Structures are given as C-alpha cells and as structure tokens.
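Trainee: coordinates for the following, if possible.
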Amino acid sequence: MDSRFGSRGAARWRAYAIGVGVGIGAVALMLTPATIGGSGGLWTAPVGDLAQNLAGHLAVQAPGWRWPPLMAPDLADPHGMSAAMTDSNPLASLVAKAIATVVGHPVNLFAPWLVLCWLLQPVAAVFVVRSLPVPAAPGTPGPLGWEPALAAAVLAVTYPALLTRFVHINLMGHFVILFALGLAVRLMVRPGARLWMAAGTVLSVAILAQPYLFLFAAAVLAGPALQAAGRQSCRQSWRQSWRGVGPFLLAAGLPVLAYKLLSGTVGAGDRGFGFYSMNLLSPIWPQRSGLFGDRLPILDGTGGQYEGFNYLGFGALLLLAVAAFGWRGFAWRRWWGLAVVLGGLVLLALTPRVYAGSWLVLPLPLKPWDQVFTLVRASGRAFWPVGYLLLIAPVAVLSARLRRPVLLPVLSGALALQWIDTGPLRADARSYYAGSTQRPPAVVLPTGARRVSIHPLCLPGGEDAALSDLLRLTAIRDGAALGNMRASRLPQWFACETDLSDGLETPLLPREVRMYLRPAQAGFRQAALGPGAECRDQAGNIVCARDLPVAGDPVPPGPPLPQAGAGVLRGAALGAVLSAGWAAGPDGVFWSEGPRATILVRPDGPKPSSLRLVLAGVARVPGAARQTQIAVNGGAETVVQLQDGADTVVTIPVGKAAETIRVTFDMYRPVDPAARGLTAPVRRAALRLTSLEFTP
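Mentor: Coordinates of the predicted model:
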C-alpha cells in the first residue's frame with residue numbers, strides 16, 4: 001500500500017489516465033475532423049513526402065494478394081515495387097489491404113495511424129518516467145506520482161524534434177522509441193522473458209512503421225544486452241554470457257526477418273551520411289523559438305542538418321539545469337551499458353565532421369564510416385532517444401528530490417515556458433495537418449489513363465518534385481498504374497538515366513500518359529513517341545498521351561529523328577544518331593556518360609538486319625573487361641565483354657526492325673576516367689564508341 005496515492009495499482013492507472021488525457025487533448029489540438037476522417041483536410045492534395053507515402057499505401061491495396069504481400073504491381077510498372085520502399089507504413093498498409101479486400105475499395109489508414117501517434121506519445125512518456133528507478137525522498141511525490149506523469153506527458157507532445165516531423169507521417173511514431181527506452185531501463189533493473197517479449201513487439205511495430213524507428217529503438221534495447229554480456233563474461237564463460245544477448249538478438253532479429261519476408265527486400269543504403277547530421281549546438285540553441293524569435297533558423301552547417309534538428313526546448317533545458325544538482329550519488333556504473341549505447345547514438349548523430357553553428361570544429365574524414373552507416377543516411381535523427389531521456393529523466397529526479405510545494409511551481413513554470421517556446425512549431429504542424437499548405441496541381445492528367453509516368457523521376461526537391469509526387473498520387477487514385485515511382489530506397493535494377501531515356505525515346509502505349517517537367521524537356525522529341533502521340537503544354541510542363549484527349553496549349557514537336565543510310569558512321573555523322581548519355585572526345589570517339597547510353601535513328605533505305613559497332617571498354621582496373629548489355633528496340637539483351645581500351649567489333653541483330661531503331665547500352669557502375677589517368681569529356685564512363693554501320 002502506498003499511503004500517498006492509495007494502492008500502487010490505483011497510482012499506476014491514474015498516471016496512465018493522465019497520459020491518455022493529454023493524448024486526447026493533443027489529437028484535438030493538432031488534427032482537424034476532416035484529417036481524422038481520412039479523406040479531407042491533409043489528405044486532399046498532400047505535399048512533401050506524404051504524397052509518395054500515400055500513393056504506395058493505396059497502390060498496395062490493389063485487388064489480389066501476392067508474394068511478397070507488400071509488392072504493388074502498379075508501382076513502377078511492369079516491374080512492381082514493394083510499398084516498404086516508398087515509406088508507406090507496411091503495418092498500416094497490410095491492415096488496410098485486408099480491410100480493402102472485404103469492403104472492395106482502398107482505405108486510408110494513415111489517418112488513424114496519425115491519431116495513434118499523438119495519442120500514444122504521452123502514454124509512452126508516462127511509461128518511461130515510471131520506469132526510472134529514482135528513490136523518492138520523504139515528502140516528495142516520487143516518479144510514481146501524478147505530477148511527473150503530467151509533466152512527462154506534456155513534454156513528450158511538445159518535444160521540438162517530434163513537432164518538426166509533421167511532414168513525415170510514419171516518423172511521427174516516436175512512441176515506439178519511448179516504449180523501448182522504458183523497457184530498456186526495466187530490463188537493466190530486472191530482466192525477464194516477459195519484458196523481452198514486449199521489446200520484440202515494440203520492435204516489430206517499429207520496423208513495420210518506419211525502419212529509422214526500429215534502428216533507434218533496437219539500439220536502446222541493446223543497452224541491457226550489452227551490460228548483461230559484460231557482467232556475465234567477467235564471471236562466467238562466454239557461452240553463458242550469450243544468455244544476456246540471446247533474447248535481444250531474437251527480439252531484434254525476428255522483426256527484421258518478418259520485414260524481409262513481407263516486403264521482399266530490406267532496402268539499400270544511400271548517400272547522405274555526414275550531410276544530414278546533427279549540429280553540436282542543436283540541442284541547446286533556440287531555433288524556431290516562441291520565446292527567442294520564431295524566425296530563428298535551424299542550425300545548419302552542411303545544408304542538410306535540418307534532419308538533425310534536436311532542440312530540447314527552453315522549459316526542458318530549465319528542468320535539466322535544475323535537476324543537475326540532484327544527480328549526486330547516482331549509481332552510474334549500474335547503467336554503463338545504456339550509457340555506452342546512448343553515447344554511440346550521439347556520435348552517430350554528429351558524424352566525424354562536427355559542426356558548431358556554421359563552424360567545422362572537428363574535420364575528421366567520413367570514410368570508412370559513410371560505408372559502415374550507409375543505411376543511417378539521416379544520422380542526425382539518432383539523437384532522438386537521447387533527447388527523450390534528457391527530457392524525461394529530470395522530471396523523475398526532481399519529483400524524487402523536491403517536496404510538492406516546491407515541485408509544482410518548478411514543473412508548472414517549465415511546462416509553461418516549453419509550451420510558449422514550441423508555439424511556432426505547433427502552429428506549423430496544425431496548419432499542415434489542416435491542409436492549409438496545400439495547392440491544387442497545375443497539371444490536369446487525362447482521365448481514363450492506364451499508365452502514367454512523370455519525367456524526370458530523380459529530382460532534388462522543390463516545386464517540380466512536389467508536383468510529380470502529387471500527380472502520381474492522383475494517378476493511383478484514378479486507378480492508373482505508374483510507369484515510374486520515386487522511392488526512399490530505390491531498387492538495384494533502377495537508374496535515373498535509364499528511366500529518363502526510356503521516357504523520352506520509346507513510343508507511347510495505348511492510353512499511356514507521360515509528363516515532362518522542365519529538366520526533361522531539353523531532350524523532348526515528339527516523333528520518338530510514335531504515331532498517335534498528342535502533346536500539350538500545361539503550366540510550362542509537357543503532357544503527352546495516346547488515345548486520350550489532352551488539355552492545354554500546343555507545344556513545339558522538337559527536332560525530327562535523325563536518319564542514316566548505308567555506310568560506316570564516324571565522327572560528326574556518328575554523333576548525329578547518338579541520343580542520350582554520350583559526349584564527344586577530341587579525337588572523334590564518343591564516350592558513354594553514366595549507366596545508360598542510347599542510339600536513336602531512322603534508316604534511310606532498306607531496313608538493316610544487323611548493326612556493326614566498334615566499341616572499347618573502360619573497366620574499373622586496367623586490363624580488365626567491361627560487361628555491357630546491348631538491346632535493340634527493347635528486345636532480347638546481348639551481353640558483351642569489352643576489353644579495357646581495346647577496340648572490339650560487335651555485331652547486333654536488329655530482328656524485325658521498326659521504322660525507328662533504338663539501341664540501348666546498359667553498364668553497371670561506370671568509373672571516373674580521371675581516376676584511371678584517362679583524359680575524357682565525362683566523369684563516369686564505361687565504354688567508347690568509334691563507329692557504327694548498318695549491314696543488310
């Protein structure tokens with residue numbers, strides 16, 4: 001019996017009821033009824049990554065189950081793509097597909113997921129503060145009281161790093177990090193099978209919501225395993241020490257296996273480590289602050305450190321400063337495993353190139369760490385578990401050190417300051433969730449399309465990228481398949497150059513729509529799109545379709561397709577028929593640029609039966625061979641081995657030649673010629689082309 005609160009059970013229920021109450025208040029404050037309903041508000045014309053995420057979420061709900069279950073054939077038709085690669089919340093998408101199978105149409109479960117994030121965030125914070133084993137002094141509420149529960153709940157929903165995630169719906173699931181943090185603390189105090197089963201459940205939800213949440217939650221739960229292994233290895237054999245590590249490996253490994261089975265892939269790494277890092281001053285320097293100025297920018301020394309925005313908020317910093325005097329006598333050695341993991345997360349967030357404001361204070365090389373942590377592209381997010389501990393631990397300490405007459409004013413003042421300080425961030429999030437930042441698309445896709453592609457796919461961001469994501473979502477809602485799809489982790493078979501050249505140089509299929517944004521219009525030739533192609537200008541974009549009416553103004557058709565007759569083509573004559581991915585050298589030899597190069601030509605005379613090419617490879621090492629895949633008009637590929645620097649005669653059958661002949665050269669991992677000591681007009685090369693000849 002706890003004389004201060006009645007039974008411990010009653011105190012526990014009271015604390016979690018406070019968390020639920022704060023969560024309900026957060027949902028009511030942040031989300032509009034239209035957004036909660038799933039069809040209006042935010043979901044009408046979403047901007048940012050949400051359009052990409054929602055398109056994958058709806059596409060995977062197409063009729064029929066397949067293996068793997070997250071494969072969506074309408075994404076990147078005809079290959080298909082896993083919805084996990086579009087950050088489409090596999091957990092919500094699989095549940096939605098099951099519901100869609102029953103009701104007969106797609107449903108939007110991103111809306112209830114968003115509600116769940118705001119509802120469970122304060123509940124998980126209460127779980128953390130009640131997990132911290134801080135002994136209470138006489139006359140204090142202690143971490144089990146209602147005061148720390150309320151303070152932790154409010155701080156959790158006003159954490160600036162959470163509020164800045166509003167455009168990333170799936171990354172709003174910070175509650176799994178908080179539950180993992182609370183479980184890690186409890187496992188270090190009293191490990192048990194039930195706690196590890198709970199940890200496995202949390203990690204399963206995390207990886208099926210967003211892999212970053214899994215990485216950070218799993219890292220936190222590695223703390224108890226690390227400490228158990230270290231403690232047992234000092235006293236017993238290494239075999240026995242695995243008893244502390246084994247449960248963690250099961251809790252973390254089984255969710256990864258499930259993710260792999262459900263999605264068919266675990267994704268691939270990407271560049272960005274060291275660019276999307278955390279600024280050293282980010283946790284303490286006011287940014288987008290309601291107290292010090294809402295126009296204060298986010299500290300950014302690299303151009304990408306907005307991903308490492310981790311300001312704690314002035315109220316949280318005040319509590320941390322006051323609680324610093326209450327850490328005396330704390331048994332740090334008891335928590336060294338968790339401390340090591342959290343310290344590693346801080347280093348991961350900072351990366352070897354550490355910035356303080358705009359100053360580079362530690363210019364260590366990124367290699368080889370950029371290869372080791374290639375999956376943690378936005379490493380600045382790794383500070384989240386540390387930030388939450390710094391947010392909530394002071395509440396537990398003060399509640400165990402200060403008597404209630406002192407504690408209540410301290411907590412109330414800190415929460416008021418935190419609320420005011422995060423006002424601009426909350427206003428931005430509310431505006432976004434209400435759909436206030438939305439703009440209707442400037443392009444109207446023809447109705448009745450079977451397939452839609454937007455070119456170029458690979459855009460660094462900005463209005464063009466946002467428009468293309470929104471149009472892809474519109475196409476999915478209209479029941480069309482997508483010829484290309486932006487993904488957070490692109491499959492290995494995809495290359496931006498390949499997709500763009502296919503979009504510019506292949507004939508349109510019946511009821512196919514292609515849109516060319518400004519970066520793609522330099523290579524636009526309507527003649528390459530085949531007979532029946534109709535093209536119009538809409539707000540500076542070119543929309544083309546076949547067998548469908550297209551609205552807009554007429555556009556110039558672009559240059560005609562080049563023609564070539566019999567004889568060997570060299571130099572300028574050869575350059576006239578080369579299309580994408582080539583650059584001329586000073587000696588009249590043409591170098592490929594990137595992983596894809598093409599030839600596009602109309603034979604002037606009898607249709608040839610084959611092409612005779614003189615090619616030389618540019619291998620990764622001198623004297624090696626360069627493998628190249630060559631195809632004519634999308635037919636069977638011919639794989640050739642080109643000796644490095646040596647001319648090779650390659651004859652390719654044309655087959656049933658159409659009026660236009662298109663030859664594609666696909667090369668894996670082209671090399672920088674300068675690294676080989678070669679003088680070339682390109683930065684990525686795989687082969688050189690000297691001549692071409694049509695043979696009867």
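Trainee: with adjacent residues omitted, what lies nearest to residue 398?
Mentor: residue 323 (5.3 Å; CB to CB, 6 or more residues apart in numbering). Where you see a C-beta, it was placed from the backbone N, CA and C, and this is true even at glycine.
Trainee: centroid-nearest residue for this structure?
Mentor: residue 488 (4.1 Å; CA atoms, centre = their mean).
Trainee: so who does that residue touch?
Mentor: By CB atoms under 8 Å, 6 or more residues apart in numbering, the contact set of residue 488 is 49, 52, 85-87, 267.
Trainee: and the closest residue to residue 530 other than its chain neighbours, how many neighbours?
Mentor: Nearest non-adjacent residue to residue 530, counting by CB to CB, 6+ apart: residue 507, 2.8 Å away. Residue 507: 17 surrounding residues under other CB atoms under 10 Å.
Trainee: any idea of the pLDDT on the residue nearest to residue 398?
Mentor: With respect to pLDDT, residue 323 has a value of 92.
Trainee: in this structure it contacts residue 394, no?
Mentor: Yes: counting by CB atoms under 8 Å, residue 394 is a contact partner of residue 323 at 3.5 Å.
Trainee: between the two, who's got more neighbours?
Mentor: residue 394 (27 against 21).
Trainee: may I ask which helix or strand encompasses that one?
Mentor: helix 384-401 (DSSP states H and E).
Trainee: so which elements touch that helix?
Mentor: In terms of contacts (3 or more CB pairs under 8 Å, 6 or more residues apart in numbering; DSSP states H and E), helix 384-401 is packed against helix 110-131, helix 146-157, helix 175-189, helix 211-233, helix 314-323, helix 336-350, helix 404-421.
Trainee: what's the closest non-adjacent residue to residue 688?
Mentor: Here the residue nearest residue 688, using CB to CB, 6+ apart, is residue 616, at 4.6 Å.
Trainee: figure out the helix or strand that the one you found lives in.
Mentor: Residue 616 belongs to strand 610-617, assigned by DSSP H and E.
Trainee: show residues contacting that strand.
Mentor: Here strand 610-617 has contacts from 625-626, 628, 630, 632, 640-654, 661, 663, 686-695, using CB under 8 Å, 6+ apart.
Trainee: from residue 99, how far off is residue 68?
Mentor: 19 Å (CB to CB, to the nearest Å).
Trainee: coming back round to it: pull out the buried positions in the strand holding residue 616.
Mentor: Within strand 610-617, the residues that count as buried by 16 or more other CB atoms under 10 Å are 610-611, 613-617.
Trainee: show me the shaky parts of the stretch 201-350 of the chain.
Mentor: Residues of the stretch 201-350 of the chain meeting the criterion pLDDT under 70: 231-242, 267-270, 326-332.
Trainee: again, but for the chain
Mentor: Scanning the chain for pLDDT under 70 picks out 1-8, 231-242, 267-270, 326-332, 656-658.
Trainee: which other helices and strands contact the lengthiest helix in the chain?
Mentor: If you go by DSSP state H, the chain has its longest helix at helix 238-263. Packed against helix 238-263 by the contact rule (3+ CB pairs under 8 Å, 6+ apart) you find helix 90-103, helix 193-209, helix 211-233.
Trainee: one more time with 7 Å, if that's ok
Mentor: Helix 238-263 sits against helix 193-209, helix 211-233, with contacts defined as 3 or more CB pairs under 7 Å, 6 or more residues apart in numbering; DSSP states H and E.
Trainee: in CSV, list the ones you listed along with distance to residue 593 and mean neighbour count.
Mentor: Below are the helices and strands packed on helix 238-263 laid out as CSV (distance: least, CB to CB, whole Å; neighbours: other CB atoms under 10 Å):
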stretch, distance to residue 593, mean neighbour count
helix 193-209, 38, 20
helix 211-233, 33, 23
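Trainee: mind listing what's buried along stretch 45-52?
Mentor: For stretch 45-52, by 16+ other CB under 10 Å, it's 46-52.
Trainee: hey, C-alpha coordinates of stretch 151-166 in CSV?
Mentor: Output in CSV follows, covering the C-alpha atoms of stretch 151-166 (Å, rounded to 0.1, in the frame of the first residue of the first chain):
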residue,chain,number,x,y,z
ALA,A,151,5.0,16.8,-16.8
ALA,A,152,6.4,13.9,-18.8
ALA,A,153,3.3,13.6,-21.0
VAL,A,154,3.2,17.3,-21.8
LEU,A,155,6.9,17.5,-22.5
ALA,A,156,6.7,14.5,-24.8
VAL,A,157,4.0,16.1,-27.0
THR,A,158,5.9,19.4,-27.1
TYR,A,159,9.3,17.9,-27.9
PRO,A,160,10.5,20.1,-30.8
ALA,A,161,12.2,17.2,-32.6
LEU,A,162,8.8,15.5,-32.8
LEU,A,163,6.9,18.6,-33.9
THR,A,164,9.3,19.1,-36.8
ARG,A,165,8.5,15.6,-38.1
PHE,A,166,4.9,16.6,-39.1
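Trainee: show me what it is in contact with.
Mentor: Stretch 151-166 is contacted from outside by 18-19, 22, 26, 118, 121-122, 125-126, 128-129, 171-172, 174, 178, 309-311, 313, 316, 384, 387, 391-392, 395, 411, 415, 418-419, 422, 425-426, 428-429, 432-433, using CB atoms under 7 Å, 6 or more residues apart in numbering.
Trainee: select only the buried ones of those in ChimeraX?
Mentor: If you want just the buried ones from the contacts of stretch 151-166 in ChimeraX, going by 16+ other CB under 10 Å, the selection is:
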select :18,19,22,26,118,121,122,125,126,128,129,171,172,174,178,309,310,311,313,316,384,387,391,392,395,411,415,418,419,422,425,426,428,429,432,433
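Trainee: direction included, what does the helix or strand just after the strand holding residue 616 pair against?
Mentor: Once the chain leaves strand 610-617, the next helix or strand it forms, by DSSP H and E, is strand 625-632. Strand 625-632 pairs in its sheet with strand 638-643 (antiparallel), strand 661-667 (antiparallel), by DSSP bridges.
Trainee: backbone phi and psi for the nearest residue to residue 150 once chain neighbours are set aside, please?
Mentor: The shortest distance from residue 150 to any non-neighbouring residue, by CB to CB, 6+ apart, is to residue 18 (5.2 Å). Main-chain dihedrals, residue 18, degrees, to the nearest 10: phi -60, psi -40.
Trainee: do you know how far residue 18 is from residue 179?
Mentor: 17 Å.
Trainee: before we move on, what about residue 524?
Mentor: According to CB to CB, residue 524 stands 52 Å off from residue 179.
Trainee: which of those two has more residues huddled nearby?
Mentor: residue 179 (26 against 20).
Trainee: who touches the more buried one in this structure?
Mentor: Contacts for residue 179 (CB under 7 Å, 6+ apart) come out as 124, 127, 202.
Trainee: swap in residue 216?
Mentor: 177, 382, 384-385.
Trainee: mind running it again at 8 Å?
Mentor: With contact set as CB under 8 Å, 6+ apart, residue 216 has these partners: 177, 180, 345, 381-382, 384-385.
Trainee: tell me the two of these that are most distant?
Mentor: By the measure CB to CB, 180 and 381 form the most distant pair in those, at 14.5 Å.
Trainee: that older thread, chain center to the strand holding residue 616, what's the gap?
Mentor: Counting by CA atoms, centre = their mean, to the nearest Å, strand 610-617 is centred 41 Å from the centre of its parent chain.
Trainee: hey, C-alpha coordinates of that strand in CSV?
Mentor: The C-alpha coordinates for strand 610-617 follow below in CSV (Å, rounded to 0.1, in the frame of the first residue of the first chain):
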residue,chain,number,x,y,z
SER,A,610,22.2,-6.0,-88.0
LEU,A,611,24.4,-3.3,-86.6
ARG,A,612,28.1,-3.4,-86.6
LEU,A,613,29.7,-1.4,-83.7
VAL,A,614,33.3,-0.7,-82.9
LEU,A,615,33.5,-0.4,-79.1
ALA,A,616,36.1,-0.3,-76.4
GLY,A,617,35.6,-0.9,-72.7
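Trainee: what's the angle from that strand to strand 638-643?
Mentor: 40 degrees (axes from the mean of the first three to the mean of the last three CA atoms, to 10 degrees).
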